[in-house]
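take a look and give me a structure for this.
(chains A and B)
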Amino acid sequence: KAGVTQTPRYLIKTRGQQVTLSCSPISGHRSVSWYQQTPGQGLQFLFEYFSETQRNKGNFPGRFSGRQFSNSRSEMNVSTLELGDSALYLCASSLSGGSPSYEQYFGPGTRLTVT
Amino acid sequence: SQQGEEDPQALSIQEGENATMNCSYKTSINNLQWYRQNSGRGLVHLILIRSNEREKHSGRLRVTLDTSKKSSSLLITASRAADTASYFCATASYSGAGSYQLTFGKGTKLSVIP
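Residues are numbered from 1 along each chain as shown, chains lettered A, B, ... in the order given. Purely as a prediction, here's the structure:
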């Protein structure tokens, strides 16, 4: 099976702009989670989608949003970018976040730089 | 917020030696997982240990879990240069709405010197 893919891999944006990142999960996986990774804060959970519904949300401002499509592909959007949004954004998929065997499969990430 | 906290933050060993990393957490968990990340890339799942298990092995990896102390350790035996990476523990806790959330620690950066 193909792994989790994320596009684009690298992105440079200017403060105040908005950005959309895309994630295609492993075929058959219905749960998609997003994480932000920075040197200072480490890996922080953004949100999780399952069957097109946001099931869980981390402690991030409303500028961070996401959605999931019927084919399980997911997008996340960050509006009004700030310098502090520069990070590696990781997407992970799993069969179902409702299982105790909650193994996640990560994509390579999108490196976002805000200038 | 971070639940798992790894110790040490960085570890440097010679090839062939064993590497031990520790993880402590704060709340009750369903399971604890360890992941590896090579330099700014995606994470790779290594091993999962359930809250009712005490020890688990996978190849050169050995994981222990002590729920009374809320701690876990990852042992990599006979390390290789290719083991150089950051290692993260992640705790899985029920977050409602039929969902389990993974909370990651800040990781241990392991360097294996050839």
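
could you give the mean pLDDT of the strand of greatest length in chain B?
Longest strand in chain B by number of residues, with DSSP state E as the criterion: strand B:85-96. Mean pLDDT, computed over strand B:85-96, is 88.

partners of that strand in the sheet?
Here strand B:85-96 is paired, per DSSP bridges, with strand B:31-37 (antiparallel), strand B:99-104 (antiparallel), strand B:108-113 (antiparallel).

give the residue spans of chain B that score low on pLDDT.
B:1-4 (pLDDT under 70).

for it, which residues are neighbours of chain A?
Chain B comes close to chain A at residues B:1-2, B:30-31, B:33, B:35, B:40-45, B:48, B:50, B:88, B:92, B:95-107, as judged by CB under 8 Å from any CB of the partner chain. Quick note: C-beta positions are derived from backbone N, CA and C, even for glycine.

tell me the contacts of the residue located most distally from the centre of chain B?
Farthest-out residue of chain B from its mean C-alpha position, per CA atoms, centre = their mean: B:Ala97, at 26.5 Å. For B:Ala97, the contacting residues are A:55-56, by CB atoms under 8 Å, 6 or more residues apart in numbering or on different chains.

and the strands in chain B?
B:5-7, B:10-14, B:19-24, B:31-37, B:43-50, B:55-58, B:61-66, B:71-76, B:85-96, B:99-104, B:108-113.

likewise chain A?
Counting by DSSP E, the strands of chain A are A:5-7, A:10-13, A:19-24, A:31-38, A:42-50, A:53-57, A:64-68, A:74-78, A:87-94, A:105-106, A:110-114.
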